[in-house]
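**Student:** Here's my sequence, what's the structure:
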Amino acid sequence: MGDFTFGFEIFEDDSNIDTSSNVKDHRGPDDITLRPAKEIYIPYETRNEERRVVCVSCGDVNLCYLHPQDVEGMIEEKSDIKEAITTHSDLLPSVYEGGLKVWECSLDLVQYLQDLDPISFSGQTILELGCGAGLPGIYTLMKGATVHFQDYNEEVLELLTIPNVQLNTIPEVYKEKCHFLAGDWSLVQDLLMQEGTGIFSLVLLFLISCMCITCSRYDVILTSETIYSLDSQPRLYNIIRSLLKPNGKVFLAAKTHYFGVGGGTRQFEDFVREKGEFEIESIKVISQGVRREILEMRFIQPENKGAKT
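**Tutor:** Residues are numbered from 1 along each chain as shown. The predicted structure follows:
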């Protein structure tokens, strides 16, 4: 396994803001309005600014990302997530879900993906849910995958995820192989599956001509630090269930227990097993510091129905 090393450099980076039209409104727990789903497009016109960049060396790959503090300084006063920044809060439920922070579990997941056969990502379609800085997805993109990045907040995608993708790949790659989706999981799921206009509908038209319709879902779904909230777990489960290929895999990195909020890997395993649709197991444990794990999920195959998962 390759070790991580860190360094700081100054890069001139291009990023800007563009958005698409909203989809429907939706209510969450306690009648809170959830963020609508929209696709965020990479802007044609970009501005160059000097920003600090953190570089992470993992095996044969160097990943670079914008320093989160610099990105926080770019958030406009009118933004809903400005309150989280000014109060130094990592989370504001249904407003800001921590996407501007590079969470330790996302680095754990990159390190685990490095241990897998990197060639296996080439040609695969991958979704990263709750992507934030997008490091796991960027790693697979650099290994030849097509990657769709999703985060609850469009500001995170515009100011952090997209610039990070641009730092690590060339335009010919990210313009062809990347989509960026903002909003709550339940509404992003609807957007992707929306007949006639959803991303998968467009992909499907192409795939029909290739006689390869089964490719219209994801080979791999990646997600880090997304099971802390018991309220949001059903929506996470549903989008995974709806968008994963029958033979696809989910790699989920999380803390064993999230103190004060109830979530954690054992609790989530129980939640998934009660549904009876997925096999789920812990495939890696990180004991340094707060205990963390990587879980793997796969659909229970018909021949294994009724077996212990």
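**Student:** what ranges do the helices span in this protein?
**Tutor:** For the chain, helices defined by DSSP state H occupy the ranges 68-72, 82-86, 104-115, 135-142, 154-156, 162-168, 171-177, 185-193, 199-209, 233-243, 265-275.
**Student:** least reliable of these going by mean pLDDT?
**Tutor:** Within these, confidence is poorest for helix 199-209, with a mean of 49 (mean pLDDT).
**Student:** got the buried residues for stretch 292-307?
**Tutor:** For stretch 292-307, the neighbour count (16 or more other CB atoms under 10 Å) marks 292, 293, 294, 295, 296, 297, 298, 299, 300 as buried. Where C-beta positions appear, they are placed from N, C-alpha and C, glycine not excepted.
**Student:** Let's see the pLDDT reported for residue 98.
**Tutor:** So, for residue 98, pLDDT stands at 65.
**Student:** Start the count at 433 instead of 1 going forward.
**Tutor:** I'll keep to 433 as the first residue from here, and by that count the last item is residue 530.
**Student:** one step back: dump the helices of the chain into CSV; add distance to residue 493 as well.
**Tutor:** Listed next are the helices of the chain as CSV, based on distance: least, CB to CB, whole Å:
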stretch, distance to residue 493
helix 500-504, 21
helix 514-518, 30
helix 536-547, 7
helix 567-574, 6
helix 586-588, 23
helix 594-600, 9
helix 603-609, 14
helix 617-625, 28
helix 631-641, 27
helix 665-675, 26
helix 697-707, 27
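**Student:** Of those, give the one that comes closest to residue 685.
**Tutor:** Nearest to residue 685, of all these, is helix 536-547, at 3.9 Å by CB to CB.
**Student:** Tell me the buried residues in that closest one?
**Tutor:** By neighbour count, with 16+ other CB under 10 Å as the criterion, the buried positions of helix 536-547 are 536, 537, 538, 539, 540, 541, 542, 543, 544, 545, 546.
**Student:** Distance from it to the middle of the chain?
**Tutor:** Computed by CA atoms, centre = their mean, to the nearest Å, the chain-centroid distance of helix 536-547 equals 13 Å.
**Student:** Can you dump the C-alpha atoms of it in PDB for me?
**Tutor:** The C-alpha atoms that make up helix 536-547 are tabulated as PDB, following Å, rounded to 0.1, in the frame of the first residue of the first chain:
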ATOM      1  CA  GLU A 536     -10.400  11.800   6.800                       C
ATOM      2  CA  CYS A 537     -12.600   9.000   5.500                       C
ATOM      3  CA  SER A 538     -12.300  10.200   2.000                       C
ATOM      4  CA  LEU A 539      -8.600   9.800   2.100                       C
ATOM      5  CA  ASP A 540      -9.100   6.400   3.600                       C
ATOM      6  CA  LEU A 541     -11.200   5.500   0.600                       C
ATOM      7  CA  VAL A 542      -8.600   6.800  -1.900                       C
ATOM      8  CA  GLN A 543      -6.000   4.700  -0.200                       C
ATOM      9  CA  TYR A 544      -8.200   1.600  -0.300                       C
ATOM     10  CA  LEU A 545      -9.000   2.100  -4.000                       C
ATOM     11  CA  GLN A 546      -5.300   2.200  -4.700                       C
ATOM     12  CA  ASP A 547      -5.100  -1.300  -3.200                       C
END
